[in-house]
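1. any chance you could fold what I've pasted below:
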Amino acid sequence: MMMEADAVLRPGIEAMVGLLAFHVGEDKVTFSLSNVSLWTSLEAAKQLDTFQPMPDLGKPFIAKNAAFARPIMNYVTLWQLNSSAVSGDTAP
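-> Below you'll find the model as predicted:
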């Protein structure tokens, strides 16, 4: 179902000002889905709060007993790893 949601959600999310990245993932062991997005500002991130296609598409998930964390949580970055650090590359 989440793969089908891509076609509906992607155009609107990609058009949002300040979007840096949007990731959708699943954990097959816990039967859970997660959306993680990166934005240029908290104001930009809060666009998802009023993006109506998301709750509209949530209705079929809820019909299958899915639960959603609300409100949408927004986190301030405290630290990060760059891809070179993750891959083990130690060059400056």
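
2. which helix or strand in the chain has the lowest average pLDDT?
-> helix 83-86 (a mean of 66; mean pLDDT, DSSP states H and E).

3. by contact count, what packs against the longest helix seen in the chain?
-> Using DSSP state H to define each element, the chain has its longest helix at helix 2-14. The contact analysis (3 or more CB pairs under 8 Å, 6 or more residues apart in numbering; DSSP states H and E) places helix 2-14 against strand 19-27, helix 53-63. Yep, even glycine has a C-beta here, placed from its N, CA and C like the rest.

4. the last one: how far from the chain's middle?
-> Taking the mean C-alpha point of helix 53-63 and that of its whole chain, the gap between them comes to 15 Å (CA atoms, centre = their mean, to the nearest Å).

5. measure how that helix sits relative to helix 2-14, angle-wise.
-> 160 degrees (axes from the mean of the first three to the mean of the last three CA atoms, to 10 degrees).

6. buried sites along helix 53-63?
-> Met54 (16 or more other CB atoms under 10 Å).

7. what mean pLDDT does it have?
-> Helix 53-63 shows an average pLDDT of 89 in the prediction.

8. CA atoms only for it, dumped as PDB, please.
-> Extracted in PDB, the C-alpha atoms of helix 53-63 (Å, rounded to 0.1, in the frame of the first residue of the first chain):
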ATOM      1  CA  PRO A  53      -3.200  13.800   0.900                       C
ATOM      2  CA  MET A  54      -1.400  12.200   3.800                       C
ATOM      3  CA  PRO A  55      -4.400  11.800   6.100                       C
ATOM      4  CA  ASP A  56      -6.600  11.000   3.200                       C
ATOM      5  CA  LEU A  57      -4.300   8.100   2.200                       C
ATOM      6  CA  GLY A  58      -4.100   7.100   5.900                       C
ATOM      7  CA  LYS A  59      -7.700   6.000   5.900                       C
ATOM      8  CA  PRO A  60      -7.200   2.600   4.100                       C
ATOM      9  CA  PHE A  61      -4.200   2.000   6.500                       C
ATOM     10  CA  ILE A  62      -6.400   2.700   9.500                       C
ATOM     11  CA  ALA A  63      -9.000   0.300   8.100                       C
END
